[in-house]
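Chemist: sharing a model prediction with you, sequence too.
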Amino acid sequence: MSHSSKALNPQSIPTSGLDRESAIALIAASGDLALVVDNTGIIRDVTTNDAGESAREESAHWVGRAWIDIVTAESRGRVEALLRDVAATGVSSRRQVDHLTADGPDLPVAYTAVRVGTGESSRIVAVGRDMRAIASLQQRLVETQQALERDYWRLRHVETRYRLLFQVSSDAILIVDAGNRRIVEANDAAARLFDRNIDKLVGRVFPIGVEPSAEVALEEALASARTAGRSGTVETRLANGGAAVEVSVSCFRQDAVSLFLVRFTVPGQIFSPDAERGAEVTQLLANTPDGFVVTDNEGRVISANRAFLDFVQLGGEQQAHGRLISEWIGRPGADLGVFLTTLRKHGAVRLMATAVRGEQGGLAEAEISVAAAPANHPHCIGFILRDVGRRVAHGPQGARDLTLAVGQLTSLVGKVALRDLLRDTSDLVERHFIEAALELTDDNRTAAAEVLGLSRQSLYVKMRRHQLAAGTEAETPQAG
């Protein structure tokens, strides 16, 4: 059965040669579901065509009941609007109405109503289209969009890590297009090795910057990498009698394009900033707005920058020396052990949520990253803390860290009755998921209610109970 997207016009139905029952049957046959309603709003008959088995079971109990009593609270205004339109003009515009069900989600139906007959014996025929399939497609679209968004950010994080490793590498690295041998990327070490700006390297044809006698060996290395994935090491010198270098080539594919990763290593050179650069880095860490702390393997502070001292409300660095960092970060005796265990297992701790306690009683939310010192300084651990309190206060509410909030409730064990703790935790979790749904749907409350499996009215009630600003707004009836 095909459905027209145009509203049904009662004037277009040739009822002059039909009795009222025939006209009603003709109109009812044009939809998935049809209600015959009298002038007082009572349902006198129900016709189900393509509405599905569950709709047939639900609609079997509607006859004899007021139409307004079998819909959700937020749909009552739409039913009243449908009846007003029919009373005024004989036909209504299409509106979506959500029917209550005995169990499971509401039944959404888009109705267009027309009047058949005149006087007290006239009837209103509401022809409906089952919207569950469309609602399901909309939900799948939202889920797909969110999955794409998550994949996008995951790729962004991967790219960021790649860029960081690419630029901080002590070896000179060139990325070369395997098709035309042109350099498409170069890192800072390559710019220093060849004494050229990166933009002067990009676009040049490889080999570049080596003795002419080594070019044949490098061509063979490229061919070997294309075949076997990587080449052996080619020993040569930079052009014009420069330093001795070792060159190795690897081949990989990206976006259906073959690329060479060409690495130049200067034998015996260990990457270490000179004294002037080391002083610059030290000064930058001292002035960074994020807290930076260096501790020993037990977590005792060796040095700290001004941002960290302000964070924990200390007047000077000497006040922090020798003290455990756990005195200010996380739960005493707990979080530091987690950080150190994760560090030993994975080599780094990235953006873990925690809390920072100040000497004067201040409390702030923070993200912490931890890294161990290089092998030649095995007794140092670096902590970087970023204050996210302002971000949490003004950012999307659904992004708040639930684990941290529940952890704060855990501190009340022994002070508050278990019954009250369970109630507060339940409220906290419910509020968190409502905020997350609103964030997921860009504050579209209809979509948020669908994501949570609630009716819009139930969502509004919960938002008002949790004092969420959007929940205090009055709903404006919408034309389905």
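Modeler: Looks like it arrived, so ask away. Numbers count the residues shown, from 1 in each chain.

Chemist: how far is the helix or strand hosting residue 339 from where the chain is centred?
Modeler: Assigned by DSSP states H and E, residue 339 belongs to helix 335-346. Chain-centre distance of helix 335-346: 26 Å, with CA atoms, centre = their mean, to the nearest Å.

Chemist: need the contact partners of stretch 204-218.
Modeler: Applying CB atoms under 8 Å, 6 or more residues apart in numbering, the contact partners of stretch 204-218 are 174, 176, 180-183, 193-194, 201, 219, 222, 234, 236-239, 242, 245, 247, 249, 260, 262. (Each C-beta comes from the backbone N, C-alpha and C, glycine too.)

Chemist: now, of those residues, which are buried?
Modeler: Those of these that meet the buried threshold are 174, 176, 183, 193-194, 201, 222, 234, 236, 238, 242, 245, 247, 249, 260, 262, by 16 or more other CB atoms under 10 Å.

Chemist: looking at the residues you listed, which one is closest to residue 57?
Modeler: residue 260 (65.9 Å; CB to CB).

Chemist: pLDDT score assigned to the residue sitting nearest the centre point of the chain?
Modeler: Centroid-nearest residue in the chain, with CA atoms, centre = their mean: residue 150, separated by 5.3 Å. Looking at residue 150, its pLDDT reads 82.

Chemist: for it, pull up the helix or strand it's in.
Modeler: Here residue 150 is assigned to helix 132-168, by DSSP H and E.

Chemist: off-centre distance for that helix?
Modeler: 7 Å.

Chemist: can you find the helix or strand of this structure with the lowest average pLDDT?
Modeler: None of the helices or strands of the chain scores lower by mean pLDDT, DSSP states H and E than helix 389-394, at a mean of 51.

Chemist: following the helix holding residue 339, which helix or strand comes up?
Modeler: Next along from helix 335-346, by DSSP H and E: strand 348-357.

Chemist: report the buried residues of that following strand.
Modeler: Of the residues in strand 348-357, 349, 352, 353, 354, 355, 356, 357 count as buried by neighbour count, 16+ other CB under 10 Å.

Chemist: please apply the same query to stretch 206-223.
Modeler: Going by 16+ other CB under 10 Å, stretch 206-223 has these buried residues: 206, 207, 208, 209, 210, 214, 217, 218, 221, 222.

Chemist: show residues contacting stretch 306-320.
Modeler: 286-293, 301, 303-304, 328, 356-360, 362, 364, 366, 385, 387.

Chemist: hmm, try it at 7 Å
Modeler: Contacts with stretch 306-320, where a contact means CB atoms under 7 Å, 6 or more residues apart in numbering, come from 286, 288-293, 301, 303-304, 328, 356, 358-360, 362, 385, 387.

Chemist: of the residues you listed, buried ones?
Modeler: Among the contacts of stretch 306-320, those scoring as buried are 290, 291, 292, 293, 301, 303, 304, 328, 356, 385, 387 (criterion: 16+ other CB under 10 Å).

Chemist: filter those residues down to the ones in strands?
Modeler: 291, 292, 293, 301, 303, 304, 356, 385, 387 (DSSP state E).

Chemist: now for the residues you listed: which two are most distant?
Modeler: For those, and using CB to CB, no pair is farther apart than 303 and 387, which are 19.7 Å apart.

Chemist: in stretch 190-204, what counts as buried?
Modeler: 190, 191, 193, 194, 201, 204.

Chemist: mind checking which of those are in helices?
Modeler: Mapping the buried residues of stretch 190-204 onto helices (DSSP state H) picks out 190, 191, 193, 194, 201.

Chemist: could you identify the most distant pair in those?
Modeler: 193 and 201 (10.0 Å).

Chemist: what does the pLDDT read for the nearest residue to residue 79 once chain neighbours are set aside?
Modeler: The shortest distance from residue 79 to any non-neighbouring residue, by CB to CB, 6 or more residues apart in numbering, is to residue 68 (5.0 Å). Among the per-residue scores, residue 68 shows a pLDDT of 90.

Chemist: which residues sit in contact with residue 68?
Modeler: Neighbours of residue 68 in contact, by CB under 7 Å, 6+ apart: 41, 76, 79, 80.

Chemist: with neighbour count and pLDDT added, can I get those residues in CSV?
Modeler: Formatted as CSV, the contacts of residue 68 follow (neighbours: other CB atoms under 10 Å; pLDDT from 0 to 100):
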residue, neighbour count, pLDDT
41, 16, 89
76, 16, 90
79, 22, 91
80, 14, 91
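
Chemist: and of the residues you listed, the nearest to residue 340?
Modeler: The closest of those, once distances to residue 340 are taken by CB to CB, is residue 76, at 59.4 Å.

Chemist: buried ones in the one helix or strand the closest one maps to?
Modeler: For residue 76, the host element (DSSP H and E) is helix 76-89. For helix 76-89, the neighbour count (16+ other CB under 10 Å) marks 76, 77, 78, 79, 81, 82, 83, 85, 86 as buried.

Chemist: circling back to that earlier point, quick check: the farthest pair among the contacts of residue 68?
Modeler: Once CB to CB is applied, the contacts of residue 68 give 41 and 76 as the farthest pair, at 10.9 Å.

Chemist: could you list the low-pLDDT ranges of the stretch 151-300 of the chain?
Modeler: Residue ranges of the stretch 151-300 of the chain with pLDDT under 70: 168, 268-282.

Chemist: touching, residue 388 and residue 368? I think so.
Modeler: No - the criterion here is CB atoms under 7 Å, and residue 388 misses it with residue 368 at 10.2 Å.

Chemist: which of those two has more neighbours?
Modeler: residue 368 (23 against 19; other CB atoms under 10 Å).

Chemist: how about the more buried one, what does it touch?
Modeler: Applying CB under 7 Å, 6+ apart, the residues contacting residue 368 are 329, 349, 352, 354, 383, 384, 385.

Chemist: gap between the closest residue to the third one other than its chain neighbours and residue 239?
Modeler: In other words, residue 352. Leaving aside its sequence neighbours, residue 352 sits nearest to residue 368 (CB to CB, 6+ apart; 5.3 Å). Separation of residue 368 from residue 239 (CB to CB, to the nearest Å): 47 Å.

Chemist: having no further points to raise, I will conclude here.
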